[in-house]
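Q: mind folding the following:
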Amino acid sequence: MNVCKLGLSIAMLLSGGMAFAQGTVDDYNRAYALREKFSANKVFYSNVTPQWIEGTHQFWYVRNTPEGRIYVSVNADKKNRKELFDHKRLSSALSNASGKEVKPETIQLERLRVNPSLDTLRFVFGNQRWMYATRKNQLVNEGNLPGRNAQKHWMERDDEKEAAPVTSPDGKYTAYIKNQNVYVKELTTGKEKQLSLDGTLSNYYSAYIRWSPDSKKVASCKIRPVEKRYVYYVESSPADQLQPKLHKQEYAKPGDELPFKIPCIYEVETGRGIIPSTDLFDRQYEIYGPEWNPDSRSVTFEYNQRGHQAYRVLELSAETGAVRPLIEETSDKYVNYTRRFRHDLRDNKHIIWMSERDNWNHLYMYDRTTAQPVHQITRGEWYVREVLRVDEDNRQIYFSANGVQPGEDPYLIRYYRIGFDGKGFTCLTPEEGMHRAWFSPDMNYLVDVYSMVNKAPVAVLRSAEDGKVVMPLETADISRLEAEGWKAPEVFTAKGRDGKTDMWGLIVRPTNFDPNRKYPVIEYIYQGPGDQYVPKTFIPYNWYMTSLAELGFIVVMVDGMGTSFRSREFENVCYKNLKDAGLPDHISWIKAAGEKYPYMDMDRVGIYGCSAGGQESTTAVLLHPEFYKAAYSACGCHDNRMDKIWWNELWLGYPVGDQYKEGSNVENAHLLSRSLMLVVGELDDNVDPASTMQVVNALIKANKDFELVVIPGAHHTMGEDFGEHKRYDFFVRHLQGGIPPKWNAITYR
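A: Here you go, the predicted model:
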């Protein structure tokens, strides 16, 4: 028997003996073709992104019509819509000015700003700034787009050494840093005065200086820096030279020392320094602030304790130097500071604060004097997601939340309004779906766009008083998408490891799905805590699932315990336990799907992911080989001691202990008994590439067979186009038992 026939025979045996082949040239061509067939360009009247015009009840957005893009404006009071400008006249003006034909339906304006009367537009087109007077049909070139300053890499910690001098509110002084100390200068006389005397190179004052409202004091943090850790990358194949390049990047890792800050206050006239005791903020992960209170008698700052089991809002008296807590959050696991929200009311007596203290994320009203909550504003087994506006004049809070409505997907976001007293709880977006809202500047109206993975987007204008629809805007047309064979993914719910908690996920099938066949199953995983990952909005083409399914797989994704926005208890499963990865819930959920759909082959289940998903997919085949038979793992943070500090210390705790080692794929590499492909970008600036290479080293030492793909010049990646093709081939070989087609035989790329 030749090799091709052998591969087909294996595939037939694995699929229950039925004579069909998967992973063929036709399958590959069809899979690649879906990128275009299911393109968002075939969905019309979708992607409404309104831009409210300041000081008005008007907004504009782009209508994606079959004929092209049309810019329209809406007057909410008059309930009418019209074209924002004459598209033919502007296209003609742009064509004449640029020397290139610009068709009316292809006009794409960047950074568009519209004046309230709608008669003047300012925008960027062709890397130049333009002003267009709509009534006069006058187009004026206002010059080249200014260059942007280079942005610091997000891993770089701000040393707070550089900032412009700060002028006092009364305009009499400027404050600045000189020789690591705080200075002020009288603007009229130029007389300079040194306030702090103890700043040094290794213990300096922050250049972020804050003036008290009465212009009599300044506040700044004294900072004791630490030696920084750097990660190095070799760029093997740079585009501009033959020889490799060495790159250096700041990169703090778990357990590293961190800077120490002390908020300090100086009186301008007397030079007196108010230096507090650090007892209430002595184990710092970070200090945020300080910010002056309106009465100039104190500053407020926030303290995030190392290990994240305490978080305090603190007040430092500018008179006595005493520090007292206004709010304190504690946990035996972690205070999730990434959910932080605080609003100091203008009365300087109350604070609105967000907390997970009752197992759900809610809002509380705090009394500054007593440092105790007055009452809980929101309450229930649901989750506040984002506070959009605190309206102090009308004592209303506008926010989004999920899980309020019983009997539906608990992750769906709606928008709400509630009084400071917790009364008048009103849903402003009542239809079932995943909502996104844009409120008018005065909070009288909102544009609401909502959809689900199996329901096309709808956009409406609503009243922010009661949520009633003022006027419909758009209903997406997906008829061309459906004509191409598009089918919505299935939302599937099943119990997790505890047998009682619902897990929500998606099932994606190939377009030529046949329930009489037997299909291998591939799970796409990203299960890191801190968010929820299964898509909830309408997506015509899912880059992680659609084409892979077309090769002859059932592709699934599910959020298990350890992810966010259900309850604190649900997420806390991850604490000191990232190796869990929610996999017991995923396995239960996939098995339940297999029981309902016998065409899902539970003996051929694979898994893949990137970043945290790269770590988790490898963990799956190391610790659960009885279920997962093959894994593709890209840019995984395989050992959390090697990864970025904030992510890992939040979920795994501080100091670094055995919990880091126990979840390490390096430590567990010797357990490998299934097929594994590791992928890494040589310039990954998110997860240290050495994390992957250390797994490679451990596998080699353990005499394990595996595959390694290194992508030159790539950063944090799933594998780019090359890696995607390698992933296709990997699963065709190891789950279908087939022989992938030659790459040059595939015509649709």
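Q: now name the helix or strand holding the residue sitting nearest the centre point of the chain.
A: For the chain, the residue nearest the mean C-alpha position is residue 531 (7.8 Å; Cα atoms, centre = their mean). Under the criterion DSSP states H and E, no helix or strand holds residue 531.
Q: who touches stretch 335-342?
A: Stretch 335-342 is contacted from outside by 302, 304, 308-311, 313, 327, 329, 351-354, 356, 361, 363, 387, 530, 568, 571, 650, using Cβ atoms under 8 Å, 6 or more residues apart in numbering. All C-beta atoms are positioned from the backbone trio N, CA, C, and that covers glycine.
Q: one more pass at 7 Å, please.
A: Identification of contacts with stretch 335-342 by Cβ atoms under 7 Å, 6 or more residues apart in numbering yields 304, 308-311, 313, 329, 351, 353-354, 356, 361, 387, 530.
Q: repeat that for stretch 368-384.
A: Contacts for stretch 368-384 (Cβ under 7 Å, 6+ apart): 324-326, 348-351, 354, 360-367, 397, 399, 401-404, 418, 420, 422, 565.
Q: try stretch 281-297
A: 210, 212-214, 216-217, 219, 221, 258, 260-261, 263, 299-306, 308, 314, 316-319, 348.
Q: dump the residue contacts of residue 708.
A: 678, 696.
Q: tell me what the biggest helix by length in the chain is packed against?
A: Scanning the chain for the longest helix, with DSSP state H as the assignment, gives helix 720-735. With contacts taken as 3 or more Cβ pairs under 7 Å, 6 or more residues apart in numbering; DSSP states H and E, helix 720-735 sits against strand 600-610, strand 628-634, strand 675-681, strand 707-711.
Q: let me know the angle separating that helix from strand 675-681.
A: 170 degrees (axes from the mean of the first three to the mean of the last three Cα atoms, to 10 degrees).
Q: follow-up on the earlier one: quick check: pLDDT value at the residue nearest to the centre of the chain.
A: At residue 531, the model reports a pLDDT of 95.
Q: with residue 6 instead?
A: 43.
Q: output the below-cut-off pLDDT ranges for this protein.
A: 1-21, 148, 749 (pLDDT under 70).
Q: distance to residue 164 added to the helices and strands packed on helix 720-735, as CSV?
A: Shown next, in CSV, are those (distance: least, Cβ to Cβ, whole Å):
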stretch, distance to residue 164
strand 600-610, 40
strand 628-634, 43
strand 675-681, 38
strand 707-711, 42
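Q: how about the closest residue to residue 496 other than its chain neighbours, secondary structure?
A: Excluding the flanking residues, the one nearest residue 496 by Cβ to Cβ, 6 or more residues apart in numbering is residue 585, at 3.7 Å. Assigned state for residue 585: helix (three-state reduction, DSSP: H, G, I helix; E, B strand; the rest coil).
Q: now the one 4 residues further on
A: Secondary structure state of residue 589, per three-state DSSP, is helix.
Q: the residue lying closest to residue 309 once chain neighbours are set aside and residue 653, how far apart?
A: Spatial nearest neighbour of residue 309, excluding adjacent residues (Cβ to Cβ, 6+ apart): residue 331 at 5.5 Å. Look at residue 331 and residue 653: by Cβ to Cβ, to the nearest Å, they are 11 Å apart.
Q: neighbour-wise, which of the two wins?
A: residue 653 (20 against 16; other Cβ atoms under 10 Å).
Q: show me what contacts that one?
A: Contact partners of residue 653, counting by Cβ under 7 Å, 6+ apart, are 307, 576, 659.
Q: cutoff 8 Å now
A: 307-308, 334, 575-576, 659.
Q: that older thread, make a ChimeraX selection of the buried ones in the contacts of stretch 281-297.
A: Selection of buried members from the contacts of stretch 281-297 for ChimeraX, criterion 16 or more other Cβ atoms under 10 Å:
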select :210,212,216,217,219,221,258,260,261,263,299,300,301,302,303,304,305,306,308,314,316,318
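Q: now go through the contacts of stretch 281-297 and say which are in strands.
A: 210, 217, 219, 221, 260-261, 263, 299-305, 314, 316-317 (DSSP state E).
Q: helices of the stretch 301-450 of the chain, residue ranges please.
A: In the stretch 301-450 of the chain, no helices are defined using DSSP state H, counting those that start in this stretch.
Q: now do the strands in it.
A: 310-317, 323-330, 342-344, 350-355, 362-367, 372-376, 383-391, 396-402, 413-419, 426-427, 434-439, 445-452 (DSSP state E, counting those that start in this stretch).
Q: next: the stretch 101-250 of the chain.
A: Here the stretch 101-250 of the chain has its strands, by DSSP E, counting those that start in this stretch, at 110-114, 120-125, 128-133, 138-144, 166-167, 173-178, 181-186, 192-194, 204-205, 210-211, 217-224, 230-235, 245-250.
Q: of these, which approaches residue 470 most closely?
A: For the strands of the stretch 101-250 of the chain, the distance to residue 470 is smallest for strand 110-114, at 20.4 Å, taking Cβ to Cβ.
Q: so what strands line up beside that closest one?
A: Take DSSP bridges as the rule and strand 110-114 pairs in its sheet with strand 120-125 (antiparallel).
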